[in-house]
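>>> Please find the sequence and the predicted model below.
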Amino acid sequence: MTSRRQFLRELGITAGALPFLSGLQSFGATTASGKKQRLIFMFSPNGTVPAKFWPDESGDLSQSSILAPLAPFQGQTTVLKGISNRVGGDGDSHMRGMSCLLTGARLHPGNIQGGSDSPAGWASGISIDQEIKNFFQQNEATRTRFGSLEIGVAVPDRADPWTRMCYAGSNQPLAPLDDPYQMLNKLYGQSKDRETYASVLDSLGSDLKRVSKNLSAEDRSMLEQHMTLVEEMEREMSAAAQAGELVHPEPELDPNIELVNDNTPQLARMQMDLLVNAMANDMARVGSLQFMRSVGQARMRWLDINEGHHSLSHEPDKNEDAQNKLEKINIWFAEQLAYLAGKLQKTPETGQPGNMLDHTTIVWVNELGKGNSHTLNDLPIVIVGGEATKNPGFHNVGSKIPHNRLLLSLAHSVGHNIHSFGEEKWCADGALKWG
């Protein structure tokens, strides 16, 4: 079988064009079964506002102020209530909530002190996104260039259990890539300073035009969309950099704590665009999108909120002003999920009927159920696209159902039929089923 690089050489073009071509059907992008499956975890911190989050039994998303932005995806959205993080062990609820969220495994003993609980270290197991990535990478039909992409939005420059949810294994936290310039460099291999950022396509334009003549109409359309998005991304980032708009100002107290500023919404859109673009080109089939961090004090001035998110989440329920601001914050996160889902929905699935959202399961997670109580019960779980289309709506799955069972069900949904994930005892009742 002719390799992709050999095919490029036969066409007389450079290997630099490969990132733009690897997802096209002409280059063997579809799996042996012809079916693609993708998984994205989206994280937002500090719990939700339960009274404004949970829909009624009808499952009508428009009846929940926080979930209302997802109403256009009503038939492709599942909301699960009754799921709890029961892992336990050392560390405070924020630490366990964050670093046990996707691992389902306890934190190692350590010297990181949080709250009033015992100190702890990193998680003791692999996270489900990396478990599924490894499963995909073992099979030639589902193997991709990166396997997975860990993307951050305003994640601070520090490493601790409050900032990491993805783990390659025990004691192996994975840092999300927070800078869209670095993400563009990772995906397309260019390293140019921001002020003189030239188009990555300048040196490849003629090559890609040449190869497009040998592609099907569908692949040619996908390639054109791919090139256009990268061009637009680079123009936007170059213009913003020249204007100084994307430079994170240092926080007043500690420059290593928060990297949130008025341009965070712009950075978020860039990161989501790059994630969808990379997945459309089959660079990865697993991804994570981490907004900020657990215990994060993001000041979301673009929402006219000047208090830190974590401080607001600690206010009592009777503080109506704080509750309204928390509601507004969580609506904003839902809007980001809606943007991501919409971007996938608007992108045709190469070689398959439908669009990318039909083949992509997005799971919106949070480390806490409610901020001021630090509860790990009733975690706000929302699933959009992919698996959610099988049985959409609101599902109260029980009381304190171990979240390990949900992680196990996600593995099973892609054909990875493991018997347990994380702490084995929490998977005794098998993969979670709803509806």
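Noted; the coordinates are in hand.
>>> if I look at the closest residue to Thr347 other than its chain neighbours, how far off is Glu232?
With CB to CB, 6 or more residues apart in numbering as the criterion, Thr347 has its nearest non-adjacent residue at 4.5 Å, and that residue is Met356. For every residue, glycine as well, the C-beta is placed using N, CA and C. Applying CB to CB, to the nearest Å, the value for Met356 to Glu232 is 18 Å.
>>> Now do the same contact list for the residue nearest to Thr347.
38, 276, 279-280, 344-345, 347-349 (CB atoms under 8 Å, 6 or more residues apart in numbering).
>>> Relative to Met227, which of these is nearest.
Nearest to Met227 out of those is Ala280 (CB to CB; 11.8 Å).
>>> Report pLDDT for the closest residue to the closest one other than its chain neighbours.
Closest residue to Ala280 apart from its sequence neighbours, by CB to CB, 6+ apart: Thr347 at 5.3 Å. pLDDT, Thr347: 90.
>>> tell me the average confidence for the helix or strand hosting Leu187?
Secondary structure assignment for Leu187, by DSSP states H and E: helix 180-188. For helix 180-188, mean pLDDT is 83.
>>> Grab the CA positions of that helix and hand them over as CSV.
C-alpha atoms of helix 180-188 as CSV (Å, rounded to 0.1, in the frame of the first residue of the first chain):
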residue,chain,number,x,y,z
PRO,A,180,-3.5,29.1,20.5
TYR,A,181,-0.1,30.1,18.9
GLN,A,182,1.5,27.1,20.5
MET,A,183,-1.4,24.9,19.4
LEU,A,184,-1.1,26.2,15.8
ASN,A,185,2.6,25.4,16.0
LYS,A,186,1.9,21.9,17.3
LEU,A,187,-0.6,21.2,14.6
TYR,A,188,1.2,22.7,11.6
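>>> Gly393: neighbour count?
Residues contacting Gly393 under the criterion other CB atoms under 10 Å number 18.
>>> what separates it from Met283, distance-wise?
Taking CB to CB, one finds Gly393 at 33 Å from Met283.
>>> cool, Phe73 as well?
Taking CB to CB, one finds Phe73 at 25 Å from Met283.
>>> So for the helix holding Leu187, what gets flagged as buried?
180-181, 183-184, 186-188 (16 or more other CB atoms under 10 Å).
>>> wait, which of those is closest to Gln130?
Gln130 has its nearest neighbour among these in Lys186, at 17.2 Å by CB to CB.
>>> one step back: closest one of the buried residues of helix 180-188 to Gly125?
Of the buried residues of helix 180-188, the one sitting nearest to Gly125 (CB to CB) turns out to be Lys186, at 26.0 Å.
>>> which residues does the closest residue to that closest one other than its chain neighbours bridge with?
Nearest residue to Lys186, sequence neighbours excluded (CB to CB, 6+ apart): Leu177, at 6.6 Å. Note on Leu177: beta-bridge partners Ile151, judged by DSSP bridges.
>>> Mind pulling up the pLDDT for Leu177?
Value for Leu177, per-residue pLDDT: 94.
>>> I figured it was touching Ser148, is that so?
No: between Leu177 and Ser148 there is no contact under CB atoms under 8 Å: 11.5 Å.
>>> Out of the contacts of Met356, list just those in strands.
Within those, residues falling in strands by DSSP state E are Arg38.
>>> Please identify which pair of the contacts of Met356 lies farthest apart.
Checking the contacts of Met356 with CB to CB, the most distant pair is Arg38 and Pro348, at 14.4 Å.
>>> Looking at those two now, which is surrounded by more residues?
Between Arg38 and Pro348, Arg38 has the larger neighbour count (other CB under 10 Å), namely 23 against 16.
>>> who's in contact with that one?
Counting by CB under 8 Å, 6+ apart, Arg38 makes contact with 279, 285-287, 356, 359-361, 386.
>>> among the residues you listed, which are in strands?
285-287, 360-361.
>>> Can you give me the distance of Trp426 to Leu432?
In this structure, Trp426 and Leu432 are 11 Å apart, going by CB to CB.
>>> Need the overlap of contacts for the two.
Arg405.
>>> Just send the ones in strands among the contacts of Arg38 back as a markdown table, with distance to Phe136 too.
Listed next are these as a markdown table, based on distance: CB to CB, whole Å:
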| residue | distance to Phe136 |
| --- | --- |
| Arg285 | 6 |
| Val286 | 7 |
| Gly287 | 12 |
| Thr360 | 13 |
| Thr361 | 13 |
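>>> So which residues of the stretch 101-250 of the chain form strands?
Per DSSP state E, counting those that start in this stretch, the stretch 101-250 of the chain carries strands over the ranges 147-153, 167-169, 172-173.
>>> What mean pLDDT does the shortest one get?
So that's strand 172-173. On average, strand 172-173 scores 97.
>>> Return the distance of that strand from the chain's centre.
Offset of strand 172-173 from its chain centre (CA atoms, centre = their mean, to the nearest Å): 17 Å.
>>> Contacts for that strand next, please.
Applying CB under 8 Å, 6+ apart, the contact partners of strand 172-173 are 99, 122-123, 126, 159, 164, 166-167.
>>> Strand partners (parallel or antiparallel) of that strand?
Strand 172-173 has these strand partners (DSSP bridges): strand 167-169 (antiparallel).
>>> residues of the strand it pairs with that come out buried?
167, 169.
>>> Ends of stretch 140-147, what's the gap?
Distance across stretch 140-147, first residue to last, is 12 Å (CA to CA, to the nearest Å).
>>> Settle it for me: which of Leu177 and Ser148 has more neighbours?
Legend: neighbour count by other CB under 10 Å for Leu177 and Ser148, higher for Ser148 (24 against 19).
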